[in-house]
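K.L.:
got a structure for you, letters missing:
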């Protein structure tokens with residue numbers, strides 16, 4: 001067999017292999033899902049991330065005509081469940097739901113066992129979660145301008161609470177301190193519930209958290225609603241100004257929630273999941289429920305979600321560096 005003839009045969013075989021591979025990918029997409037999909041939520045059951053995931057996944061399973069199992073794997077600020085998904089087979093049958101901590105963790109933990117930004121890729125952003133800034137009703141300030149002035153005049157008592165070191169509320173609090181030029185001490189709690197009694201009593205001055213959690217306490221007269229981090233006023237708190245309206249446009253944002261897949265998951269499957277998720281998010285009953293949970297539905301393409309996560313990682317890395325936050 002001459003070398004020229006051999007090269008022709010190898011080229012033909014390679015071309016056939018590419019054709020078959022393409023056909024296989026198309027078949028995998030058309031036949032997907034052919035078995036149950038497991039969606040890992042790296043947090044405990046009953047929280048907002050878990051509740052939202054179950055809402056969206058129920059509708060997504062109906063659209064895909066398949067079964068989706070939600071698996072809670074909590075621990076290490078989302079790292080345990082996320083690491084397991086990052087190392088799973090990239091076939092579209094193991095997915096991950098994350099919140100803002102996904103983009104923050106690389107700046108906080110120098111020794112992670114996986115790379116959140118390289119080992120996982122975006123599928124669809126479920127929605128943005130704007131945060132409500134509230135202060136204790138035991139303290140004098142009743143609006144954001146008054147709070148900033150009070151905090152500057154009372155540096156010893158101007159502190160803020162969060163649901164834990166490295167949480168979204170912690171980082172937003174640090175961003176507020178950096179943006180306003182008011183040095184504030186962070187007080188970390190193991191969740192929002194343990195922080196509330198101290199907040200009500202005025203032992204901590206303020207906190208950032210969801211509208212759903214904080215507005216009932218505002219209406220009960222225990223807290224003052226100062227500002228929202230949303231781009232526009234929130235339906236459940238129409239009288240509360242946005243941070244931009246109060247003079248701090250750099251404070252727009254907060255947390256978010258969305259669906260990821262292992263980085264090497266076939267693009268066809270990711271595209272199908274993204275398109276079907278968008279249809280779920282466009283359902284009026286789903287949108288209504290998400291807004292009720294304090295979430296602004298987003299959707300979008302995998303590429304848009306990836307770009308957003310990258311921008312969030314950079315944004316919070318700057319905040320972490322300026323605040324000199326270090327976690328192990």
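P.N.:
Thanks, I have it. Keep in mind the model is a prediction, meaning the values are calculated, not measured. Numbers count the residues shown, from 1 in each chain.
K.L.:
what segments of the stretch 151-300 of the chain are strands?
P.N.:
Along the stretch 151-300 of the chain, counting by DSSP state E, counting those that start in this stretch, strands occupy 159-162, 185-188, 206-210, 223-228, 254-262, 296-299.
K.L.:
how about stretch 201-212: buried residues?
P.N.:
204, 205, 206, 207, 208, 209, 210, 211, 212 (16 or more other CB atoms under 10 Å). From N, CA and C alone the C-beta is placed, and that goes for glycine too.
K.L.:
swap in stretch 101-120?
P.N.:
101-109, 112, 114, 116-117, 119-120.
K.L.:
pick the one among the residues you listed closest to residue 160.
P.N.:
Set against residue 160, the nearest of the buried residues of stretch 101-120 by CB to CB is residue 104 (16.8 Å).
K.L.:
against residue 280, how distant is that closest one?
P.N.:
Using CB to CB, to the nearest Å, residue 104 is found at 27 Å from residue 280.
K.L.:
before we move on, what about residue 65?
P.N.:
In terms of CB to CB, residue 65 sits 14 Å off from residue 280.
K.L.:
now do residue 204
P.N.:
From residue 204 to residue 280 the distance is 38 Å (CB to CB).
K.L.:
go on, residue 177?
P.N.:
38 Å.
K.L.:
pull the contacting residues for the residue nearest the centre of the chain.
P.N.:
For the chain, residue 99 is the residue whose C-alpha lies nearest the centre (CA atoms, centre = their mean; 2.2 Å). With contact set as CB atoms under 8 Å, 6 or more residues apart in numbering, residue 99 has these partners: 43, 49, 78, 129, 168, 255, 256, 257.
K.L.:
mind checking the longest strand of this protein?
P.N.:
For the chain, the longest strand by residue count, based on DSSP state E, is strand 120-136.
K.L.:
all the helices of the stretch 1-150 of the chain, residue numbers only.
P.N.:
Counting by DSSP state H, counting those that start in this stretch, the stretch 1-150 of the chain has helices at residues 3-30, 48-64, 79-86, 101-108, 144-153.
K.L.:
buried residues in the last one?
P.N.:
Of the residues in helix 144-153, those buried under the neighbour-count criterion (16+ other CB under 10 Å) are 144, 147, 148, 150, 151.
K.L.:
and it, what other elements does it pack with?
P.N.:
Applying 3 or more CB pairs under 8 Å, 6 or more residues apart in numbering; DSSP states H and E, we find helix 144-153 packed against strand 223-228.
K.L.:
packing partners for the strand it packs on?
P.N.:
strand 120-136, helix 144-153, helix 211-219.
K.L.:
got the angle for that strand vs helix 211-219?
P.N.:
Angle between the axes of strand 223-228 and helix 211-219 is 130 degrees (criterion: axes from the mean of the first three to the mean of the last three CA atoms, to 10 degrees).
K.L.:
more neighbours: residue 65 and residue 280, which one.
P.N.:
When residue 65 and residue 280 are compared for neighbours, residue 280 comes out ahead with 22 against 7, by other CB atoms under 10 Å.
K.L.:
what sits against the more buried one?
P.N.:
Residues near residue 280 by CB under 8 Å, 6+ apart: 56, 59, 60, 63, 286.
K.L.:
now with 6 Å, please.
P.N.:
Contacts for residue 280 (CB atoms under 6 Å, 6 or more residues apart in numbering) come out as 56, 59, 60, 286.
K.L.:
so can I have TSV of the residues you listed showing distance to residue 185 and neighbour count?
P.N.:
As requested, these are arranged in TSV below (distance: CB to CB, whole Å; neighbours: other CB atoms under 10 Å):
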residue	distance to residue 185	neighbour count
56	38	28
59	43	18
60	43	23
286	40	19
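K.L.:
can you tell me which two in those are farthest apart?
P.N.:
Distance extremes for these: the farthest pair is 60 and 286 at 10.0 Å, using CB to CB.
K.L.:
gap between the two ends of stretch 86-98?
P.N.:
One end of stretch 86-98 to the other measures 12 Å (CA to CA, to the nearest Å).
K.L.:
what does it rub up against?
P.N.:
With contact meaning CB under 6 Å, 6+ apart, stretch 86-98 is reached by 32, 37-41, 53, 82, 85, 114, 119-120, 259-262, 264-265, 269.
K.L.:
switch the cut-off to 8 Å
P.N.:
Identification of contacts with stretch 86-98 by CB under 8 Å, 6+ apart yields 32-33, 35-42, 49, 52-53, 78, 81-82, 85, 114-116, 119-120, 123, 126, 257-266, 269-270, 273.
K.L.:
distance between it and the chain's centre?
P.N.:
Between the centre of stretch 86-98 and the centre of its host chain there is 17 Å, according to CA atoms, centre = their mean, to the nearest Å.
K.L.:
and it, which residues are buried?
P.N.:
Quick answer for stretch 86-98 (16+ other CB under 10 Å): 86, 88, 90, 91, 92, 93, 94, 95, 96, 97, 98.
K.L.:
and the fifth one, how far from residue 327?
P.N.:
What that stands for is residue 92. The value you get for residue 92 to residue 327, if CB to CB is used, is 33 Å.
K.L.:
before we move on, what about the last one?
P.N.:
Residue 98 is 18 Å from residue 327, where distance means CB to CB.
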